[in-house]
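Asks: Okay, predicted coordinates and the sequence, questions at the end:
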Amino acid sequence: MNEWDWHVLEDKTQVEQVTVAGVDVKVGDRVRLRPRQGGDVLDIALAGQLAIVESLEQDYEGKSHICVVLEDDPGRDLGMLRQPGHRFFFSAEEIEPLPVHEARTASATPHARVLIACLGNIFLGDDGFGVEVAKRLSARELPAGVRVVDFGIRGFDLAYALQDGYETTILVDACPHGQAPGTISLIEPDLSKLDEPQQETIETHGLNPLNVLRIAASMGSGIRNVLLVGCEPATLGGEEGHMGLSEPVEAALDEAVQIIASLAEKILQA
């Protein structure tokens, strides 16, 4: 096959809309991701996430490809600079259009006052605690002033998100500090000591939230109120890693979600 043939195969035509389950989906619409069963680890991580349609393409066989960016991805507005690792392609069968009254209202969403920043690595056992909390919070109806983001291990993305001037940031992460596995703790970091390089930090393995706060502060962010909802892990996966939460941490998810939701509501009412 020569180079021209490859270009023909790779060429895609932009289309104005794609019909999914009887609903016309257009650029800018909000959808929920439903990756096919048996996909890879990335599909598992993206399942159930809300996304915004960025482009609609059709290949030479007439098959539709829907390009999306995650709605809560802080890097989704960085243009070409953010395309690698931020844009995802799905078939029409792998997205769920949101109801009409929700589909084209992204720009009308009020500025969030509370950021719930969920952290963690799903390959390291109970380190996936924050990721699982994000999934449960995303399925729950929260006040309009609350934004839930699954940052995973993307510390710099969190640092950039903190530049948006949230009144309060609630960090959610596995946090080993000598308690029984599954214990939920509410910690208020001392922000006045962020510029002290020798400060004793809350050690949370691969991504240290306080180090991220230091980076955000060095970028000029006026970080105000920060809370950490941490869960004591039973295991962080060992040398070979492990997917899935331990039994005590799995059992603590509902408690954590309730604590976080209550905190957010109290903050908004203050």
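Replies: Received it, and whenever you're ready, just let me know what you need. As the structure is a computational prediction, the values presented were derived from the model and not from experiment.
Asks: any chance you could map the helices in the stretch 151-270 of the chain?
Replies: If DSSP state H, counting those that start in this stretch is used as the criterion, the helices of the stretch 151-270 of the chain fall at 155-161, 209-218, 247-251, 253-269.
Asks: Relative to the whole chain's centre, how far out is the second one?
Replies: Offset of helix 209-218 from its chain centre (C-alpha atoms, centre = their mean, to the nearest Å): 18 Å.
Asks: Which strands or helices does it pack on?
Replies: For helix 209-218, the helices and strands in contact under the criterion 3 or more C-beta pairs under 8 Å, 6 or more residues apart in numbering; DSSP states H and E are helix 155-161. Bear in mind the C-beta positions are built from the backbone N, C-alpha and C, glycine included.
Asks: Which neighbouring elements make contact with the helix it packs on?
Replies: Contact analysis of helix 155-161 by 3+ C-beta pairs under 8 Å, 6+ apart lists strand 114-119, strand 146-152, helix 209-218 as its packing neighbours.
Asks: With distance to C67, mean pLDDT and mean neighbour count as new columns, can these be given to me in TSV?
Replies: Putting these into TSV (distance: least, C-beta to C-beta, whole Å; pLDDT from 0 to 100; neighbours: other C-beta atoms under 10 Å) gives the following:
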stretch	distance to C67	mean pLDDT	mean neighbour count
strand 114-119	25	92	27
strand 146-152	20	89	23
helix 209-218	29	79	19
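Asks: low-scoring stretches of the stretch 101-250 of the chain, by residue?
Replies: Scanning the stretch 101-250 of the chain with the threshold set as pLDDT under 70 gives 101-111, 193, 195-207, 220-222.
Asks: Test my guess that D126 contacts G238.
Replies: No. Between D126 and G238 there is no contact, the gap being 11.3 Å when judged by C-beta atoms under 8 Å.
Asks: Looking only at neighbour counts, state which of these two leads.
Replies: When neighbours are counted by other C-beta atoms under 10 Å, D126 comes out ahead of the other of D126 and G238, with 27 against 9.
Asks: show me where the chain has strands.
Replies: Ranges of strands within the chain are 13-14, 17-20, 23-26, 30-33, 50-58, 64-70, 87-90, 95-97, 114-119, 146-152, 168-174, 184-187, 225-231, based on DSSP state E.
Asks: All good on my end, thank you.
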